[in-house]
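In: need coordinates for the below:
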Amino acid sequence: MLIKFMKKYFSRLFLSYPLIVVYMLQSTEYSVADFFDWHRKTSNFKKVLKRGKLHKTKPFVLLASYMYFVIFILLVVSFLLIGFDKNLITKIVGGILLVLTPVTSVYLLVVPLQIARILIVNPRNKLKLKNAQEIFESQKALKIAIAGSYGKTSMKELLLTVLGEHKKVVASKGNLNVMTSHARFAQSLKGDEDVIIVEFGEGAPGDIEKFSSLFVPDLAVITGIAPAHMDSYGSLENIARDLFTLREIVKKGKLFVNGESAYVKDFIEQGTIVYSEKGISDLKVSDIKVDIHGTSFTLKHNNRNIEIKSRLIGRHHVGPLCLAVFMGYSMGMETKQIVEAIAKTIPYEHRMQPYPLNGATVIDDTYNGTIEGMAAGLALLSELQAQRKVYVTPGLVEQGAEFINIHKKLGSLIVQSNPDVVVLMQNDGTKIIADTLHKGKFKGDIIINDEPLNFYNNLNLFVASGDVVLMQNDLTDNYSRY
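Out: All right, here's what the predicted structure looks like:
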């Protein structure tokens, strides 16, 4: 215990420590609670900055400069007390202040930051949210909310691509899905849009109601439910209840739900429209084909067979594609127009995104962070043809009390998929996955890597021609333990 304490203390005695502290604040979006949680769990600050990058924004430069200034002042005061006063007690106080400078400087940085948040940032954000609510309420466009534990951004981009062939459609950018980003998005609206799509980034009970009070959707999509943000929600039931708040917000027949998500079944009621790989409403699916280049299937509509082809890869995309077709028809699109729009759909960044590397194919699914998404990726891996199949993952975070069970399930899914090589990035869940692989009599190679950044940066040296490599999830620095 003492060795660990001393190691943590001495890792603060470097010129880069203030930069690391502000980086930690930046990475937690200046959430003081999240920052201190990360700071408390970190045992070696020299190893913190391994995955992310310093973004030298104005707040970053200001806070880093302030912290260096605070440390300088504390050191000057300490040396003055020690060297220019003959009183022993004064010297002792100076010595204590000198030793505690690295610790004290953190609090002297965060306290004014918190005060600024309370007195300046929060009131300013409140005003922005009020203005945004007025903007959204004034829109004549059809407003679609996308919510769920996984697949939100992919669904949003899919609808944006397909419906955008027929209407003027705008959507919130990337994975910017919290209230403040919604407020900024509202400011960009021109007023002549036909469809507005917003992604809800729920993370705690009550979030869906808050997002909906701001955006007031006409239609809503629940992409699925899985253990996520369990430290906040506590249980899957609480996640489901929060998501299905949308049932009380949109009109009957305006809520669309992913029927392949096992956790939604108990909450589906009459009037909810379910989509899945079997189809949606009177649109029925058959002859699904999946390979590294995309997904295709036949859709029966009004006694007519329609051939659907997309560059999205994975059987789990069939349901969302059916929903896009359904919405296209409901908005007056012709079949040819829908088919051509679907053909333009491509994987979103870090979501089942394939790319070639030295004759191998790498499928980048590193944004994925739920067991449902992991299952979909592993199912795809089992379907694909390859000389060698490689699966890479650090496991999952924010699983709460389900942490052990989820990682056991992930291990079982890997065994079922049966890749040739499994690469596990060292963290709290690694041993659980590895033990499950051994118990499941996994016959492939297991590699445990404690330098993930080095592995990813040198992936070209690891792969060989004919390989298919699936990389799922990627722990950021704040979820790592050093």
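In: which strands or helices does the longest helix that the chain contains pack on?
Out: Looking across the chain with DSSP state H, the single longest helix is helix 88-116. Packing partners of helix 88-116 (3 or more Cβ pairs under 8 Å, 6 or more residues apart in numbering; DSSP states H and E): helix 17-27, helix 32-41, helix 58-83. The way it works is simple: take the backbone N, C-alpha and C, and place the C-beta from them, glycine included.
In: and Gly237, how many neighbours?
Out: Heads up, residue 237 is Glu, not Gly. Glu237 is flanked by 13 other residues according to other Cβ atoms under 10 Å.
In: and Asn125, by the same measure?
Out: By other Cβ under 10 Å, the burial measure for Asn125, its neighbour count, is 14.
In: would you confirm that it contacts His182?
Out: No - in this structure, Asn125 is not within contact of His182 by Cβ atoms under 8 Å, at 11.3 Å.
In: what about the most centrally placed residue in the chain, distance to Glu237?
Out: Residue closest to the average C-alpha location in the chain (Cα atoms, centre = their mean): Tyr367, at 5.6 Å. Noted for Tyr367: a distance of 26 Å to Glu237, by Cβ to Cβ, to the nearest Å.
In: Lys167 too?
Out: 37 Å.
In: also Ser213?
Out: For Ser213, the distance to Glu237 - Cβ to Cβ - is 23 Å.
In: phi, psi of Leu189?
Out: Main-chain torsions, Leu189, degrees, to the nearest 10: phi -70, psi 140.
In: whoops, I mixed them up, Gln399
Out: phi -100, psi 0.
In: could you do Val169 as well?
Out: Dihedral pair for Val169: phi -120, psi 130, per degrees, to the nearest 10.
In: quick one: pLDDT of Lys50?
Out: Looking at Lys50, its pLDDT reads 64.
In: A strand includes the residue nearest to the centre of the chain, no?
Out: No - under DSSP: H, G, I helix; E, B strand; the rest coil, Tyr367 falls outside any strand and is assigned coil.
In: thought Asp474 was touching it, still the case?
Out: Yes - using Cβ under 8 Å, Tyr367 is in contact with Asp474, at 7.5 Å.
In: what touches both of those two?
Out: Shared contacts of Tyr367 and Asp474 (Cβ atoms under 8 Å, 6 or more residues apart in numbering): His350.
In: what lies in contact with the helix-or-strand element of the chain with minimal mean pLDDT?
Out: Across the helices and strands of the chain, mean confidence by mean pLDDT, DSSP states H and E is lowest for helix 2-10: a mean of 78. For helix 2-10, contacts defined as Cβ under 8 Å, 6+ apart pick out Thr42, Ser43, Asn44, Phe45, Pro102.
In: and what of stretch 173-187?
Out: If you take Cβ under 8 Å, 6+ apart as the criterion, stretch 173-187 is touched by 125, 128-129, 131-132, 135-136, 152-153, 172, 198-201, 210-211, 214-215, 367.
In: give me the distance between the two termini of that stretch.
Out: One end of stretch 173-187 to the other measures 13 Å (Cα to Cα, to the nearest Å).
In: buried ones in it, by neighbour count?
Out: By 16 or more other Cβ atoms under 10 Å, the buried positions in stretch 173-187 come out as Asn175, Asn177, Val178, Met179, Ser181, His182, Ala183, Phe185, Ala186.
In: pLDDT (mean, whole number) over it?
Out: 88.
In: from the chain's centre, how far out does it sit?
Out: 15 Å (Cα atoms, centre = their mean, to the nearest Å).
In: same check, this time on stretch 210-221
Out: 20 Å.
In: give me the contacts around it.
Out: In contact with stretch 210-221 (Cβ under 8 Å, 6+ apart) are residues 129, 132-133, 136-137, 142-148, 155, 179, 182-183, 198, 200, 202, 245-246, 249-251, 254-257, 323.
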